[in-house]
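kindly return the folded structure for what I paste below:
(chains A and B)
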Amino acid sequence: MCGMQVKIHGEPMSKQKRTAIEPTRADNYAEWYQQVIKAADMAENSEVRGCMVIKPWGYAIWENIQRVLDGMFRETGHRNAYFPIFIPKSYFEKEAEHVEGFAKECAVVTHSRLEDDGKGGLKAAGELTEPYIVRPTSETIIGASFAKWVNSYRDLPLLINQWANIVRWEMRTRLFLRTTEFLWQEGHTVHETAEDAMEETRKMLDVYAKFAREYLAIPVLTGEKTESEKFPGAVNTYCIEAMMQDKKALQSGTSHFLGQNFAQASQIKYQNREGDFEYAWTTSWGVSTRLIGALIMAHSDDNGLVLPPKIAPSHIALIPIYRDDEEKKAVLEACHEIEEIFQRQYFEDIRIYTELDDRDLTGSERNWYWIKKGIPLRIEVGPRDVAQRAVMLARRDLEARDKKSVPIADLKEEVLKSLREIQDHYYNNALSFREENTRKIDDQKEFYRYFTPKNVNQPEIHGGFAASHWCGAAACEEKIKEDLKVTIRVIPFDMPEEAGSCIACGKASQKRAIFAKSY
RNA sequence: CGGGAUGUAGCGCAGUCCGGUUAGCGCGCUCGGUUCGGGACCGAGAAGUCGGAGGUUCAAAUCCUCUCAUCCCGACCA
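Below is the predicted model:
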């Protein structure tokens, strides 16, 4: 223990300095992240290595993500279907790059039953003739179906989405960001031409970007991945990339143009207008429960989770305050009146939910409970308020004590206005944070200084995004990665052409890429 | 899989180096009372085969061996 971290026993920290989450983001970002999840009661590690239990408050966020995205997929012409969790090993072997990319993280099912092992336990028995892979992604198993479904150009485009669970046997896991099993959606589409497939790839990336910006209030960069970062088997990978509060990048969604690679592997062929057989062009695109990790790290503060209203499981905590039965009766009556106001009330396209918290706890405890859960608004109702036909309204984006009295008659309007302001506030905060921590760097020494922590063993929050020139050589990318653990996160679409010299080798470059440390 | 660390009550920890009554502390929990609009207080109480197995010893949370698990750092990754 170093001197700075010694706790002062018997001497409570001053009230003003106290934060609901310890340590703070500045003190230990990784630990802060775990504590936010715990304090908000979103998820926990299960007994199963690397797997998480998603608790109701966390799962409700995922359900909201599903609901909104599913609507957007449907509007863009996609339909949901479901394919097996098990993929025969032989399917998997058909696409060489794909195999290489995923082989090291596959869970393999080799037996079909259990038998008494004679020692009071069980042993696996009934070995399968062909092992099954638990899907790490479904291109190959879906491709097997698509090969049957696609016969003519008239069958195209084929626009399918699947909501599923995925298993990738990762070495190190972190709640929401990287778990052995995770939930996601994977879109898989088949097209007649390369142009059509590319258009689809870009369209779905735009859907993700719009969703991230408008619902998660996360500003994302959109662009292309480099060869070394692209999806195994893809021709091009596009992504949405976001900056977290520790200034690291988080890949939050990807959309892949698969060319004819998987069509050839799975024999997805169609007869064209001339009667000739051609391989189709496919795409795939996905976002996962990692988005919840992005949400946490983009907005939350030292008092816990911060949720944009458009994705929050609930929007208003109703906190009645009373001392005796008489006050209780009057106060609860007012609470029910408020619940009525918001019953089936919408904030734009989002249904408003309220949480009446009548637990036998002090007002402060209940307030802090909901602050830590990130609920956008808190409404306190006490005897004084009831007498005035008003309530005290508090916002998660303001100080805990910062409350204002609102007449019940004006409450609905005030709440709707506040939710919009909170949503915008979070987006603008995240955007200015990213802008403040993004720099154009042309000097190699400056680039290295930017990404080098003072203490390597306990790296402090440093650096950010660097917009620097890159010549396009894989070796230069690799060198930067070796030296600094910094990678090219994205080559943004909106990055203008501009003459410069590669940050690694000094050779001529026409464009900047975004370099950063990442999750 | 390499390097480091840790397993003691629901949670967080002390005690282990140097073996010795009934294994402590804080939070939480239960009951009673005073409180309640800014993370309350007083009193009482319940809760632990000290990760597991084996060994040394009159005596093991403590020493030895093995084992299992978790966390952190690397390589891998949505």
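
going forward, measure contacts between C-alpha atoms and count neighbours the same way
OK.

tell me which residue of chain A lies closest to RNA strand B.
residue A:382 (2.5 Å; Cα to the nearest atom of the strand).

and the pLDDT for that residue?
Here the pLDDT value assigned to residue A:382 is 94.

same check on residue A:68?
98.

hmm, back to that, ok, the residue nearest to the residue of chain A closest to RNA strand B when sequence neighbours are not counted - contacts?
Excluding its sequence neighbours, the residue lying closest to residue A:382 (Cα to Cα, 6 or more residues apart in numbering) is residue A:321, at 4.6 Å. With contact set as Cα atoms under 8 Å, 6 or more residues apart in numbering, residue A:321 has these partners: A:328, A:331, A:363, A:380, A:381, A:382, A:383.

of all those residues, which comes closest to residue A:204?
residue A:380 (42.4 Å; Cα to Cα).

and residue A:172, that one's in a helix?
No: counting by DSSP: H, G, I helix; E, B strand; the rest coil, residue A:172 falls outside a helix, being coil.

how many other residues sit next to it?
10 (other Cα atoms under 10 Å).

for residue A:221, what are its contacts?
A:209, A:239, A:240, A:241, A:242, A:490, A:492.

filter those residues down to the ones in helices?
residue A:209 (DSSP state H).

list buried residues within the contacts of residue A:221.
With neighbours counted by 16 or more other Cα atoms under 10 Å, the contacts of residue A:221 contain buried members at A:209, A:239, A:240, A:241, A:242, A:490, A:492.

pLDDT and distance to RNA strand B added to the residues you listed, as TSV?
As requested, the buried ones among the contacts of residue A:221 are exported to TSV (pLDDT from 0 to 100; distance: Cα to the nearest atom of the strand, whole Å):
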residue	pLDDT	distance to RNA strand B
A:209	98	14
A:239	96	8
A:240	97	9
A:241	96	9
A:242	95	11
A:490	96	12
A:492	97	16
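
secondary structure class for the nearest residue to residue A:443 once chain neighbours are set aside?
Distance criterion Cα to Cα, 6+ apart; nearest residue to residue A:443, sequence neighbours excluded, is residue A:503 at 6.9 Å. Of the three states, residue A:503 takes coil under three-state DSSP.

still on that earlier bit, farthest pair in the buried ones among the contacts of residue A:221?
A:209 and A:490 (13.8 Å).

what's the burial count for residue A:71?
11.

now it: which helix or strand?
helix A:56-75 (DSSP states H and E).

same question for residue A:435.
Per DSSP H and E: helix A:411-436 holds residue A:435.

in the stretch 251-400 of chain A, which spans are helices?
When assigned using DSSP state H, counting those that start in this stretch, the helices of the stretch 251-400 of chain A occupy the ranges A:261-266, A:290-299, A:325-342, A:363-373, A:383-388.

same list (these) but as TSV, adding mean neighbour count.
Putting these into TSV (neighbours: other Cα atoms under 10 Å) gives the following:
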stretch	mean neighbour count
helix A:261-266	22
helix A:290-299	23
helix A:325-342	16
helix A:363-373	20
helix A:383-388	16
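
with distance to residue A:433 added, can I get the ones you listed in CSV?
As requested, these are exported to CSV (distance: least, Cα to Cα, whole Å):
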stretch, distance to residue A:433
helix A:261-266, 40
helix A:290-299, 10
helix A:325-342, 34
helix A:363-373, 22
helix A:383-388, 38
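
for residue A:500, list each beta-bridge partner.
residue A:509 (DSSP bridges).

relative to residue A:506, how far out is it?
9 Å (Cα to Cα, to the nearest Å).

now swap in residue A:202 and tell me
Residue A:202 is 32 Å from residue A:506, by Cα to Cα.

go through the buried ones among the contacts of residue A:221 and flag which are in strands.
A:239, A:240, A:241, A:242, A:490, A:492 (DSSP state E).

next one, pLDDT for the nearest residue to the second one once chain neighbours are set aside please.
This points to residue A:240. Residue nearest to residue A:240 in three dimensions, not counting chain neighbours: residue A:222, with 4.7 Å by Cα to Cα, 6+ apart. Predicted confidence (pLDDT) for residue A:222: 97.

residue A:121 too?
Reading off the model, residue A:121 has pLDDT 67.

any chance you could list what contacts the following helix or strand past the helix holding residue A:71?
Counting by DSSP H and E, the next helix or strand C-terminal to helix A:56-75 is strand A:79-80. By Cα under 8 Å, 6+ apart, the residues outside strand A:79-80 that reach it are A:73, A:159, A:160, A:161, A:162, A:163.

the second one touches residue A:77, doesn't it?
So the one you mean is residue A:159. Yes: under the criterion of Cα atoms under 8 Å, residue A:159 is in contact with residue A:77, at a separation of 6.8 Å.

higher neighbour count, these two?
Remark: of residue A:159 and residue A:77, residue A:159 carries more neighbours, 20 against 11, as counted by other Cα under 10 Å.

residue A:178 and residue A:212, how far apart?
19 Å.

ugh, wrong one, I meant residue A:507
36 Å.

more crowded one of those two?
When residue A:507 and residue A:212 are compared for neighbours, residue A:212 comes out ahead with 24 against 14, by other Cα under 10 Å.

so what's that one up against?
A:218, A:219, A:220.

between those, which is nearest residue A:396?
residue A:218 (17.1 Å).

and the closest one, what are its phi and psi?
phi -110, psi 120 (degrees, to the nearest 10).

what's around it, how many residues?
Residue A:218, neighbours per other Cα under 10 Å, totals 27.

and residue A:289, by the same measure?
25.

need the pLDDT of it.
Residue A:289 is given a pLDDT of 94.

hmm, residue A:180 and it touching each other?
No: checked against Cα under 8 Å, the pair residue A:289 and residue A:180 is beyond contact range at 11.8 Å.

check contacts around residue A:213.
A:219, A:220, A:427.

which bits of the stretch 351-500 of chain A sit near RNA strand B?
A:361-369, A:380-386, A:391-392, A:401, A:403, A:457, A:482, A:485 (Cα under 7 Å from any atom of the strand).

repeat the analysis, applying 6 Å as the threshold.
A:362-365, A:367-369, A:380-385, A:392, A:401, A:403 (Cα under 6 Å from any atom of the strand).

likewise the stretch 201-350 of chain A?
A:231, A:251, A:252, A:288, A:290, A:321, A:322, A:323, A:324.

pLDDT at the closest residue to the first one other than its chain neighbours, what is it?
In other words, residue A:231. Distances taken as Cα to Cα, 6+ apart place residue A:237 nearest to residue A:231, at 6.2 Å, with adjacent residues excluded. pLDDT, residue A:237: 96.

and the helix or strand harbouring residue A:237 with helix A:290-299, angle?
Counting by DSSP H and E, the element that carries residue A:237 is strand A:236-243. When axes from the mean of the first three to the mean of the last three Cα atoms, to 10 degrees is applied, the directions of strand A:236-243 and helix A:290-299 differ by 40 degrees.

what packs against strand A:236-243?
With contacts taken as 3 or more Cα pairs under 8 Å, 6 or more residues apart in numbering; DSSP states H and E, strand A:236-243 sits against helix A:194-214, strand A:221-224, strand A:249-257, strand A:487-492.

out of these, indicate the one that is most buried.
strand A:249-257 (a mean of 26; mean count of other Cα atoms under 10 Å).

I appreciate the help and will end here.
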